Each structure stands twice: as C-alpha cells, then as structure tokens.
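Novice: sequence plus predicted model, see below.
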Amino acid sequence: MQVEDLHENAKVVWHVEDSLIALPGLNNQKEWIGTTIVWDITEKEKGIVLQLEHIGLSPEIECYDICTDGWRQFVKSLEAYIETGKGQLRFFGNLSTISWSVDESCLA
C-alpha cells in the first residue's frame with residue numbers, strides 16, 4: 001500500500017500497489033491492485049465517526065462478498081480496539097509478511 005493522501009485527524013487515503021488475497025478457490029487473487037482505500041474521520045460531539053470506502057471494490061469483482069465481510073469484521077475489531085484496547089481480528093492463512101510504504105510528501 002502507498003499512502004496517497006494524509007490529513008491528520010481527518011483523512012487517510014491508501015493506493016493498493018500490490019496485493020495477494022490468498023483465499024482458496026479465488027481465481028483472481030490480485031483484484032485489489034489499483035484500488036483505493038479511504039478512511040474519513042469526522043469529529044462529533046460525543047466522539048468520532050470513522051468511515052471506510054474501498055474504491056474499486058464493487059459487486060462485479062470475484063472477491064466482493066468475501067472482502068466486504070472482511071472489511072466489516074476489520075472495522076468491528078477496530079472499534080473494539082479503540083473502545084477496550086483489545087481487537088477481535090481473526091487471520092486465516094499465513095500473514096508472515098505485511099509491508100507498507102509511506103510517500104513522505106503526504107506527511108508535509
């Protein structure tokens with residue numbers, strides 16, 4: 001993932017440069033490549049609203065149902081982590097390598 005845009009306490013935009021959705025039976029395991037993940041953060045009176053949009057994840061692609069369910073589970077776990085300090089993520093398969101790169105120009 002490449003950080004495309006970053007506004008502290010307001011928005012993070014990731015561009016997926018490489019991806020492998022290692023799920024059995026999934027024919028196109030690289031469907032996320034070229035998609036964009038946007039996190040919008042809005043401050044409210046009693047907390048914040050965190051909104052996720054995965055641009056390019058549409059019903060026409062093979063992983064849509066699995067990936068949508070995965071995002072729901074991830075966001076639910078993130079909410080639990082923020083509220084209690086303990087998330088609820090479940091990982092399937094081998095997640096031995098996760099790499100991130102940050103475009104320093106987004107941080108200025």
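Specialist: Noted; the coordinates are in hand. The structure presented is a predicted model; accordingly, all values stated were derived computationally and were not measured.
Novice: would you point out which residue is most central in the protein?
Specialist: residue 37 (5.9 Å; Cα atoms, centre = their mean).
Novice: ok, and what's touching the host helix or strand of residue 79?
Specialist: Assigned by DSSP states H and E, residue 79 belongs to helix 64-84. With Cβ atoms under 8 Å, 6 or more residues apart in numbering as the test, helix 64-84 has contacts from 21, 23, 26, 31-32, 50, 52, 54, 57-58, 86-90. C-betas here are computed from N, CA, C, even on glycine.
Novice: and stretch 37-45, by the same measure?
Specialist: So stretch 37-45 is contacted by 1, 9-14, 16, 48-55 (Cβ under 8 Å, 6+ apart).
Novice: so for that stretch, what's the average pLDDT?
Specialist: For stretch 37-45, mean pLDDT is 91.
Novice: now it: how far from the chain's centre is it?
Specialist: Computed by Cα atoms, centre = their mean, to the nearest Å, the chain-centroid distance of stretch 37-45 equals 14 Å.
Novice: okay, buried residues for that stretch please.
Specialist: By neighbour count on 16 or more other Cβ atoms under 10 Å, the buried set for stretch 37-45 is 37, 39.
Novice: just to revisit the earlier point, from the contacts of helix 64-84, which would you call buried?
Specialist: Listed as buried from the contacts of helix 64-84 are 21, 31-32, 54, 57; burial here means 16+ other Cβ under 10 Å.
Novice: what helix or strand is residue 14 on?
Specialist: Using DSSP H and E, residue 14 falls within strand 11-15.
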